[in-house]
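Chemist: got a predicted structure plus its sequence, pasted below:
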Amino acid sequence: MAHYAVLDENNVVVNITVGRHENDLLDGHRIDWELYYNGKRTSYNTRGGVHLLGGTPFRKNCAGIGYTYDATRDAFIPPKPFESWTLNEETCLWDSPVPYPKDLKSYTWDEPNQKWVELIVEGQTPVQSAT
């Protein structure tokens, strides 16, 4: 089955629905399924313009509720997480001003201080942040 992002009048994703593939028939007739669902087909296996299973990437990113479909880029773009982040034109994902640390720790973005802050889980031994 195919997945479709249902769009509102501003091309914002308001729902994701499971439907038929383009080559399926309805009552013996071919149908434009994107028009039928009032949206665009999306792939759960696409992120940042890469197909996670090695196939052909589809519309840059898997659509999600609140994402915007950009017809010029033929891409689903997630909501901007922070004012300081910029759109990566190649991946259609948002880049932080400071790269995410490359260790195995978890971090959250601190917008006022423009840095990543390590998340400490209760009961975990605190470790000094690398940033």
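Modeler: Received, thanks.
Chemist: when you work out contacts or count neighbours from here on, use the C-alpha atoms and nothing else.
Modeler: OK.
Chemist: look up the residues forming beta bridges with the closest residue to P57 other than its chain neighbours.
Modeler: Residue nearest to P57 in three dimensions, not counting chain neighbours: H51, with 4.4 Å by CA to CA, 6 or more residues apart in numbering. H51 forms beta bridges with T46, as assigned by DSSP bridges.
Chemist: now do A75
Modeler: Beta-bridge partners of A75, as defined by DSSP bridges: D70.
Chemist: close enough to count as contact, it and G64?
Modeler: No. Between A75 and G64 there is no contact under CA atoms under 8 Å: 11.9 Å.
Chemist: tell me the SS of L35?
Modeler: helix (DSSP: H, G, I helix; E, B strand; the rest coil).
Chemist: against V117, how distant is E111?
Modeler: 10 Å (CA to CA, to the nearest Å).
Chemist: A75 and G64: which has the busier surroundings?
Modeler: Higher neighbour count among A75 and G64: A75, with 23 against 20, using other CA atoms under 10 Å.
Chemist: got the contact list for that one?
Modeler: By CA atoms under 8 Å, 6 or more residues apart in numbering, the contact set of A75 is 59-61, 69, 92.
Chemist: again with L7
Modeler: 13-15, 38-40, 69.
Chemist: give me the buried subset of these.
Modeler: 13-14, 39-40, 69 (16 or more other CA atoms under 10 Å).
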